[in-house]
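> I would like the atomic coordinates for the input below:
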Amino acid sequence: MEFPAKFTRDRETGGFVVTFPDVPEAITQGDSVAEASAMASEALELALTFYTEQWKDLPVPSVPKRGMRMVRVPALSEAKFGLYSALRAAGVRKIELARRLKCSPSQVDRLLDISHKSRLDQIEAAFAAIGKAVFIEIRDAA
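Okay, the predicted model is just below:
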């Protein structure tokens, strides 16, 4: 789950301001490119939770324009956002997923909560309950 981000030098501070054309709620800054990149991932992750809290579709990443950098959310958050999107696409509400998993609705809430450190087997079970499978892809770091 990667989104293009625009890193703009702040003339006053010398740092960088980061904005996302596809996720206007995500805005952050950092003193260096490295710090701004780390902050950008957190800002993106937090902004995407605004969509999940309102039960809205997540934005779709656009093709990056020249000079933009790609920013990703952490892998566990990507799995949780993927589960959220799969539930919406399948028309399955959280209460129905809880019934299928034979667990409480609060356990499903934790599965979708990015601040909760869910186990991969729990996320796999949730995907399986809606007819999906999880695959992990490993790539060279940029």
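> how far does stretch 20-39 stretch from one end to the other?
13 Å (CA to CA, to the nearest Å).
> average pLDDT for that stretch?
Taken as a whole, stretch 20-39 has an average pLDDT of 94.
> which positions in that stretch come out as buried?
20, 23, 26, 28, 29, 30, 36, 37, 39 (16 or more other CB atoms under 10 Å). C-beta coordinates here come from the backbone N, C-alpha and C atoms, glycine included.
> cool, and stretch 121-129?
Buried residues in stretch 121-129, counting neighbours by 16+ other CB under 10 Å, are found at 123, 126, 127, 129.
> quick one: classify the third one as helix, strand or coil.
The three-state label given to residue 127 by DSSP: H, G, I helix; E, B strand; the rest coil is helix.
> out of everything not next to it in sequence, what's closest to residue 29?
Spatially, and ignoring its direct neighbours in sequence, residue 29 is nearest to residue 17 (4.8 Å; CB to CB, 6 or more residues apart in numbering).
> specify the beta-bridge partners of that neighbour.
Residue 17 has the following beta-bridge partners by DSSP bridges: residue 8, residue 29.
> ok, it - contacts?
7, 8, 9, 10, 27, 28, 29, 36 (CB atoms under 8 Å, 6 or more residues apart in numbering).
> so the second one touches residue 28, yeah?
Meaning residue 8. No: with contact defined as CB atoms under 8 Å, residue 8 does not count as touching residue 28 (11.6 Å).
> shared neighbours, the two?
With CB under 8 Å, 6+ apart as the test, residue 8 and residue 28 both reach 17, 18.
> mind naming the longest helix for this protein?
helix 33-53 (DSSP state H).
> next secondary structure after that one?
Following helix 33-53 in sequence order, the next helix or strand is strand 69-72 (DSSP states H and E).
> what packs against that next one?
strand 2-9, helix 33-53 (3 or more CB pairs under 8 Å, 6 or more residues apart in numbering; DSSP states H and E).
> can you lay out the ones you listed as CSV showing distance to residue 78?
Converted to CSV, those look like this (distance: least, CB to CB, whole Å):
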stretch, distance to residue 78
strand 2-9, 9
helix 33-53, 9
